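A.B. asks: mind folding the following:
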Amino acid sequence: MAIDPSGITLRPFEVTDLDDFMVWAGDDRVTRSLRWKTFTSREEALTFIKEVCIPHPWRRSICIDNRSVGFVSVFPGSGDDRCRADLGYAVAVKHWGQGVATTAVKMAISRVFEDLPDVVRLQAFVDVENRASQRVLEKAGFTQEGLLRKYSFLKGKLSDLYIYSYLGTAPTFVINSK
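C.D. replies: Numbering: from 1, shown residues only. So this is what the prediction gives:
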């Protein structure tokens, strides 16, 4: 069952997100496709929010009713790579299959190209086994460009990844808020 997209917002992380952050960032099912480990202590999570999330140039908390249920991040390149940025995201298990990630990615797309004017290409890497994340990107307008075989270690396993892209020249999405 999809959630009304008008109830989904993106905002910078706050230290008060700690309890909500622990719900999803402390869940192995959520973090299995992320490069960072599952959080097991509130102290570690608070440090991560303060030292990584808050100062990050483009990391947003995905919120429903102002409660953090996940994140979307854009990592802009620098120097000759400033034209592209990597996209990452995750959502609490409770909200899987409800359109939350897709809505958040669409919202990020609509803002990133304004906030980061040098970026003309967003790209995302997805494990070939993570079909749900592939669908999120496809529904958000990303194009699958290819298969990167034995490309990266993820949680100790050498994985094949698909690379997806979205070009800033592509049509942008408008999130209807009924």
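
A.B. asks: show me where this protein has its helices.
C.D. replies: All helices of the chain, identified by DSSP state H, fall at 18-25, 28-31, 42-48, 100-115, 131-139.

A.B. asks: quick check: mean pLDDT of the longest one?
C.D. replies: In this model, helix 100-115 carries a mean pLDDT of 95.

A.B. asks: next, the angle from that helix to helix 131-139.
C.D. replies: Computed with axes from the mean of the first three to the mean of the last three C-alpha atoms, to 10 degrees, the direction of helix 100-115 lies at 50 degrees from that of helix 131-139.

A.B. asks: return the set of buried residues in helix 100-115.
C.D. replies: For helix 100-115, the neighbour count (16 or more other C-beta atoms under 10 Å) marks 100-109, 112-113 as buried. C-beta: built from backbone N, CA, C; applies to glycine.

A.B. asks: contacts for that helix, please.
C.D. replies: Helix 100-115 has contacts (C-beta atoms under 8 Å, 6 or more residues apart in numbering) with 3, 5, 8-10, 58, 60, 62, 64, 69-70, 72, 74, 85, 87, 89-91, 95, 119-120, 122, 133, 135-137, 139-141, 166, 168, 172-175.

A.B. asks: can I get that helix in CSV, CA atoms only?
C.D. replies: Once non-C-alpha atoms are left out, helix 100-115 reads as follows in CSV (Å, rounded to 0.1, in the frame of the first residue of the first chain):
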residue,chain,number,x,y,z
VAL,A,100,8.6,6.0,0.0
ALA,A,101,12.0,5.4,-1.6
THR,A,102,10.8,6.2,-5.1
THR,A,103,9.1,9.4,-3.9
ALA,A,104,12.3,10.4,-1.9
VAL,A,105,14.5,9.8,-4.9
LYS,A,106,12.2,11.8,-7.2
MET,A,107,12.3,14.7,-4.6
ALA,A,108,16.0,14.5,-4.5
ILE,A,109,16.3,14.7,-8.3
SER,A,110,14.1,17.8,-8.3
ARG,A,111,16.5,19.6,-5.9
VAL,A,112,20.0,18.2,-6.5
PHE,A,113,20.5,19.9,-9.9
GLU,A,114,19.6,23.2,-8.4
ASP,A,115,21.6,22.8,-5.3
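
A.B. asks: what separation do you get for Asp65 and Gly7?
C.D. replies: Taking C-beta to C-beta, to the nearest Å as the measure, Asp65 falls 6 Å from Gly7.
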